[in-house]
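A.B. asks: Sharing a model that was predicted from the sequence below.
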Amino acid sequence: MALLRTDINIDQPRWDQSTYIGRAKHFFAVTNPLNILCSNRELEEAKGILYKYRKGEIINGLTEEKLWRYKHIYDSAFHPDTGEKMTVIGRMSAQVPMNMAITGCMMTYYKTPAQTIFWQWFNQSFNAIVNYTNRSGDSPIPVSQLVKSYCFATSGALVTALSLNSLAKRFPPLLGRFVPFTAVAAANCVNIPMMRSSELTNGIAIEDENGNKIGYSKTMAKEAISQVVLSRIMMAAPGMVIPPIVMNQLEKRGVLRRMPWISAPAQVLMCGLCLTFATPLCCALFPQKKSVPIERLEEDIQEHVRKTNNPCKIAYYNKGL
């Protein structure tokens, strides 16, 4: 058995996060749907192993591969800043199975107002849980803000979907199939900024290279949230653009008329295939732990660094997912 190296930094991802490939490998490991099958005992075991390793304790039978496996299990279930265990359906490892089911049904049942209302509401309820669970840092979100964000995002998605459904009747059937994606994109532009509005108001936590908090930046909060919105829209795009094209062809060839029952399962499976790759690849578009030169931050943060004689030149913040 290979000896376990003692210089492994498990407080950092296994792969170089300054490169897209490194980030993609990291998120393929963290968003692995199999991680949600881990029991509470396995999660606590992973947490305990990492704690002991940090203290320098000798752990019998622990290899480098096992150590990283424990690290990925931990990262998939515990918040990177607060250390709290995240809600199961809010974890990134739940994104593929949850979204493949929701998205597939949204694109199958979108023609009547009742179907549109139900699935847009269901999707925004799920998104609210994900956005809250994956918020940046330890920023508290008041219940009133949570409710307001949820209502605005759901209303925005419904108005967009119902309006476009009405307009789509005048155009080719294929355009109607893209209504759910347009509604989801519009809702993301409302939901994520509102859910994280406390960061826009008070700023996102900024740390030095040693993890010491040096202030809060509203500028970086805007940048972080805009990147999350873009990555979420791009994450949804393949699973909500490719299946409609395929289903439109099946409809033209009469397949759906002969076998109408295949519509929902076919779209769910296609969404699942797309999301398996789109989820980690789009999460990797931007580093989760972002670096920023001190001179790009607000003057009060720069002044704090100068007053404390902190030699920090590059600061860091968690942009969230």
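C.D. replies: Now that the structure is in, tell me what you want to look at.
A.B. asks: Going along the chain, name the strands of this protein.
C.D. replies: Remark: strands assigned in the chain by DSSP state E are 204-207, 213-217, 289-293, 314-318.
A.B. asks: quick one: furthest residue from the center of this protein?
C.D. replies: Distance from the centre of the chain peaks at residue 258, with 38.3 Å (C-alpha atoms, centre = their mean).
A.B. asks: for the stretch 1-150 of the chain, which spans come out with low pLDDT?
C.D. replies: Residues of the stretch 1-150 of the chain that meet the criterion pLDDT under 70 lie in 1-7, 135-143.
A.B. asks: residues in contact with residue 68?
C.D. replies: The contact partners of residue 68, by C-beta atoms under 8 Å, 6 or more residues apart in numbering, come to residue 14. Just so you know, the C-beta spots here come from the backbone N, C-alpha and C atoms, and that holds for glycine as well.
A.B. asks: and the gap between it and residue 74?
C.D. replies: To residue 74, residue 68 is 10 Å away according to C-beta to C-beta, to the nearest Å.
A.B. asks: Model confidence score at the residue farthest from the centre of the chain, please.
C.D. replies: Residue 258 is assigned 87 on the pLDDT scale.
A.B. asks: about what we covered before: adding distance to residue 161 and mean neighbour count as columns, could you present the strands of the chain in TSV?
C.D. replies: As requested, the strands of the chain are exported to TSV (distance: least, C-beta to C-beta, whole Å; neighbours: other C-beta atoms under 10 Å):
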stretch	distance to residue 161	mean neighbour count
strand 204-207	31	23
strand 213-217	35	19
strand 289-293	33	14
strand 314-318	32	20
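A.B. asks: Turn the ones you listed into CSV, including distance to residue 33 and mean pLDDT.
C.D. replies: Formatted as CSV, the strands of the chain follow (distance: least, C-beta to C-beta, whole Å; pLDDT from 0 to 100):
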stretch, distance to residue 33, mean pLDDT
strand 204-207, 29, 88
strand 213-217, 34, 87
strand 289-293, 24, 87
strand 314-318, 23, 87
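A.B. asks: which other helices and strands contact the longest helix anywhere in the chain?
C.D. replies: In the chain, taking DSSP state H as the definition, the longest helix is helix 218-252. With contacts taken as 3 or more C-beta pairs under 8 Å, 6 or more residues apart in numbering; DSSP states H and E, helix 218-252 sits against helix 95-108, helix 173-177, helix 179-195, helix 197-202, strand 204-207, helix 255-258, helix 263-283, strand 289-293.
A.B. asks: wait, isn't residue 115 in contact with residue 109?
C.D. replies: Yes: between residue 115 and residue 109 there is a contact at 3.9 Å, judged by C-beta atoms under 8 Å.
A.B. asks: Nearest to residue 133, out of the strands of the chain?
C.D. replies: strand 314-318 (13.6 Å; C-beta to C-beta).
A.B. asks: Counting neighbours, what do you get for residue 263?
C.D. replies: When neighbours are counted by other C-beta atoms under 10 Å, residue 263 registers 18.
A.B. asks: how about the nearest residue to it, chain neighbours excluded?
C.D. replies: residue 108 (5.3 Å; C-beta to C-beta, 6 or more residues apart in numbering).
A.B. asks: Next one: the one you found from residue 228, what distance?
C.D. replies: Going from residue 108 to residue 228 by C-beta to C-beta gives 28 Å.
A.B. asks: Neighbour count for these two, which is higher?
C.D. replies: More crowded of residue 108 and residue 228, by other C-beta under 10 Å: residue 228, with 25 against 20.
A.B. asks: give me phi/psi at the residue nearest to residue 23 when sequence neighbours are not counted?
C.D. replies: Of all residues not flanking residue 23 in the chain, residue 284 sits nearest, at 3.7 Å (C-beta to C-beta, 6+ apart). Dihedral angles of residue 284 (phi, psi; degrees, to the nearest 10) stand at phi -90, psi 0.
A.B. asks: quick one: residue 284 and residue 194, what's the gap?
C.D. replies: Taking C-beta to C-beta as the measure, residue 284 falls 25 Å from residue 194.
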